[in-house]
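Q: Kindly generate the corresponding structure for this input.
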Amino acid sequence: MAYAVIARYHCAPADEGAVRAALLEVRERTRAEPANLAYEVHAVEGGFLLYEQYADQDGFEAHKAAGHFRELIVETVWPALTDRSVTFAEVL
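A: Residues are numbered from 1 along each chain as shown. A predicted model of the protein is given here:
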């Protein structure tokens, strides 16, 4: 069953450009992953909303193990955030 991830990232205005650039790079690399079905980045007030979909939860776990996830999300995006919330769901 497909697996969805909805993340809301908030950052300071001064960090918005760097966070945007990193998220757009992650989007391109993630879309090349075999289990990725969708990866969308949306600009919202105060930050970004991400919608990700994978073939299954194992596909998402493989995404989290990818080098670009560590480099761009864990090491670049997360330290710049003022708030982060993530929802996980099975796609019906």
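Q: going forward, measure contacts between C-alpha atoms and count neighbours the same way
A: Noted.
Q: after the helix or strand hosting Y9 comes which helix or strand?
A: Assigned by DSSP states H and E, Y9 falls within strand 3-11. Later in the chain than strand 3-11, the nearest helix or strand by DSSP H and E is helix 16-31.
Q: Mind checking the pLDDT average for the strand holding Y9?
A: On average, the pLDDT along strand 3-11 is 98.
Q: Just the CA trace of that strand, in CSV.
A: Output of strand 3-11 as CSV, limited to C-alpha atoms (Å, rounded to 0.1, in the frame of the first residue of the first chain):
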residue,chain,number,x,y,z
TYR,A,3,2.7,5.5,2.0
ALA,A,4,2.4,9.3,2.2
VAL,A,5,4.4,11.9,4.2
ILE,A,6,3.1,15.4,4.8
ALA,A,7,5.6,17.7,6.4
ARG,A,8,5.3,21.3,7.4
TYR,A,9,8.6,23.2,7.9
HIS,A,10,8.8,26.7,9.3
CYS,A,11,11.9,28.9,9.2
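Q: Parallel or antiparallel, which strands does that strand pair with?
A: strand 47-54 (antiparallel), strand 81-90 (antiparallel) (DSSP bridges).
Q: Quick one: those as JSON lines, columns for mean pLDDT and distance to E33 too.
A: Supplementary listing: these in JSON lines, determined by pLDDT from 0 to 100; distance: least, CA to CA, whole Å:
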{"stretch": "strand 47-54", "mean pLDDT": "98", "distance to E33": "9"}
{"stretch": "strand 81-90", "mean pLDDT": "98", "distance to E33": "19"}
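Q: And the ones you listed: which comes nearest E71?
A: strand 81-90 (15.2 Å; CA to CA).
Q: Next, the angle helix 16-31 makes with the closest one.
A: Using axes from the mean of the first three to the mean of the last three CA atoms, to 10 degrees, the inter-axis angle of strand 81-90 relative to helix 16-31 is 30 degrees.
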